[in-house]
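Visitor: would you be able to build a 3D model of this:
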Amino acid sequence: MAASPDRATAATTRRKVGRHRGEGQWAKGHFTPLNANEQTKKDDDGLNVRTRIETIYAHRGFDSIDGADLRGRMRWWGLYTQRKPGIDGGKTAILEPEELDDEYFMLRVRIDGGRLTTEQLRVIGEISQEFARGTADITDRQNIQYHWIRIEDMPEIWRRLEGIGLSTTEACGDTPRVILGSPVAGIAADEIIDGTPAIEEIHRRFIGNKDFSNLPRKFKSAVSGSPLLDVAHEINDIAFVGVNHPEHGPGFDLWVGGGLSTNPKIGVRLGAWVPLDEVPDVYGGVIGIFRDYGYRRLRTRARLKFLVADWGAERFRQVLEDEYLQRKLVDGPAPDQPVEQWRDHVGVHRQKDGRFYVGFAPRVGRVDGTVLTKIAELAEAHGSGRVRTTVEQKMIVLDVAEDRVASLVEELEALDLRVKPSPFRRGTMACTGIEFCKLAIVETKARGASLIDELERRIPEFDQPITINVNGCPNACARIQVADIGLKGQLVLDKDGNQVEGFQVHLGGALGLEPGFGRKVRGLKVTSAELPDYVERVLKRFQEQREDGERFAQWAARASEADLS
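Guide: Model prediction:
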């Protein structure tokens, strides 16, 4: 008996869906969720979870939280469960999420452009002391990150943050994350163009907008008009880099498709020059492409970098122009290479208005609420009402009169906030690590801090720029692939055959000057205990063998494996 037309049509439809499901791209009509994450987002927009936090979970406590909210939607408001204490790195990939979850949260405060008033910094410090056991780390994306947050305290924390113009909206999740910006935008004497108005307009249009709150995965962005290339533009999903067009003047060069993690890619130039007032429109077009054409089938391929790699720059630009902007972009020049390797603005620098900004280095971004409050007080006492965070886990005080600079420097140094740091203090960064992160395998913050101390003691004469990035797992939150010495946490065997914390080593990565990924020497892994000896050995060989003007990354590219081991 022949099948009914309805049944035949349904069978044909099923075959077509199965054959053409592709990568789950909405623009191709593939709206059926292909994994649990996509189903969770389809069931309810992540932005809606705030109402449940305020009306249910904050009153009934941690045990009342729905699992899909706990490990999914809460990220849309900057909340991740932190790692339960006492679980070693060998169990990270073995235990179920509920076995790793503590009843406390990491909370990320988004600081777009790294811009803070001293009043805002003071409140951040007070929240740290009152609700986060004093924790407050400066991240390499210009945010402040708390730990030990209770769900019961979130309504009050939001009330205080939003009362001073800050938020945690889309600080995490499959959303447009914090917009990086030059920390000296609008004040640097050498600035090509101030991107602050564009950052503000992007924030107004897109952050918290439900048209863009369900992306395939995170979307990272950066806007900077600094010739120092100070926002790591090469590893963002979208970046606007200050350039001077020979006909049109100052504007931005457009980059897309950068990112690290386990499949690192340097972003590509689209060859387009974008004037300041068009930056938000172009941002909207690129994030729209990501939302509509981004791959949603596999989480491991759900970043924009994979789409850009498959399409290529020419096709990507054409789709952007034809489908999203309905106009052609102006061709433009590439940014000039920066004249120096350090891009963190540490030290004392004259502003274009004649005053000074003072950049300083905490240890691996680790500060606390008391220190942040003190920084706000010091800035105000020296005539400043503005501070900035950087993408190198540093901080800057702006607008200091010349006759107050020396006093401010002295008081910052007294707090162990180095204005004239060693290359090791200046160049070492670390992710959160196993202390709080559920993905981590090894400890990082204390390891990085102790490594700084050891290197300062062992090779005090070392005076070359050097970046040492310490990461607790393969996900590269601390940018290991683009560091001079990148350390990827993993379990290794010591000389007695015991499994211990250690690192795989990446050598010679860089951003800015000849951007590229570090090389891995076959079989090169070091235990945490051996780390100071190893780094000392490699840096001394660099000192002995470097040619005049040669940077570490250049030396590492030509050095023998024996010299790097």
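Visitor: can I assume E278 sits in a helix?
Guide: Yes - the assignment for E278 by DSSP: H, G, I helix; E, B strand; the rest coil puts it in a helix.
Visitor: now do the contacts for it.
Guide: Under the criterion of CB atoms under 8 Å, 6 or more residues apart in numbering, E278 has no neighbours. C-betas here are computed from N, CA, C, even on glycine.
Visitor: for the one 3 residues further on, same thing?
Guide: Neighbouring residues of D281 by CB under 8 Å, 6+ apart: L325.
Visitor: what about the particular helix or strand that has it in it, average pLDDT?
Guide: If you go by DSSP states H and E, D281 is part of helix 279-293. Per-residue pLDDT over helix 279-293 has a mean of 98.
Visitor: the helix or strand that comes right after that helix to helix 279-293, inter-axis angle?
Guide: As assigned by DSSP H and E, the chain's next helix or strand after helix 279-293 is helix 304-311. Helix 304-311 and helix 279-293 are oriented at 80 degrees to each other (axes from the mean of the first three to the mean of the last three CA atoms, to 10 degrees).
Visitor: what distance do you get for the most centrally placed residue in the chain to A483?
Guide: Compute the mean C-alpha point of the chain, and by CA atoms, centre = their mean the closest residue is R141, 3.8 Å away. Distance from R141 to A483, counting by CB to CB, to the nearest Å: 16 Å.
Visitor: and what of G225?
Guide: 25 Å.
Visitor: now swap in L100 and tell me
Guide: L100 is 28 Å from A483, by CB to CB.
Visitor: coming back round to it: for the helix holding D281, C-alpha coordinates in CSV please.
Guide: What follows is helix 279-293, C-alpha atoms only, in CSV (Å, rounded to 0.1, in the frame of the first residue of the first chain):
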residue,chain,number,x,y,z
VAL,A,279,32.2,51.4,13.9
PRO,A,280,28.9,50.4,15.7
ASP,A,281,27.2,49.6,12.4
VAL,A,282,30.1,47.4,11.2
TYR,A,283,30.2,45.7,14.7
GLY,A,284,26.5,45.0,14.3
GLY,A,285,27.1,43.5,10.9
VAL,A,286,29.9,41.2,12.0
ILE,A,287,28.1,40.0,15.1
GLY,A,288,25.0,39.4,12.9
ILE,A,289,27.0,37.2,10.6
PHE,A,290,28.2,35.3,13.7
ARG,A,291,24.7,34.8,15.0
ASP,A,292,23.2,33.8,11.6
TYR,A,293,26.1,31.9,10.0
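Visitor: so for it, what gets flagged as buried?
Guide: Applying a neighbour-count criterion of 16 or more other CB atoms under 10 Å, one finds 279-291, 293 buried in helix 279-293.
Visitor: next one: that helix to chain centre, how far?
Guide: In terms of CA atoms, centre = their mean, to the nearest Å, the centre of helix 279-293 is found 20 Å from the chain centre.
Visitor: quick check: R418 touching G359?
Guide: No - at 9.9 Å, R418 does not count as touching G359 under the criterion of CB atoms under 8 Å.
Visitor: these two: who's more crowded?
Guide: G359 (27 against 20; other CB atoms under 10 Å).
Visitor: quick check: the nearest residue to W26 once chain neighbours are set aside vs L79, distance?
Guide: In space, W26 comes closest to D292 once its chain neighbours are excluded; the distance is 5.0 Å by CB to CB, 6 or more residues apart in numbering. Between D292 and L79 the computed distance is 28 Å (CB to CB).
Visitor: same check on R73?
Guide: For R73, the distance to L79 - CB to CB - is 9 Å.
Visitor: was I right to think V371 contacts L415?
Guide: Yes - at 6.2 Å, V371 counts as touching L415 under the criterion of CB under 8 Å.
Visitor: out of these two, which sits in the more crowded spot?
Guide: More crowded of V371 and L415, by other CB under 10 Å: V371, with 19 against 15.
Visitor: which residues sit against the helix or strand where I124 lies?
Guide: Counting by DSSP H and E, the element that carries I124 is helix 118-131. Under the contact criterion CB under 8 Å, 6+ apart, helix 118-131 has outside partners 109, 116, 134-136, 144, 146, 148-150, 153, 156-157, 160-161, 163-166, 368-377, 379-380, 384-387.
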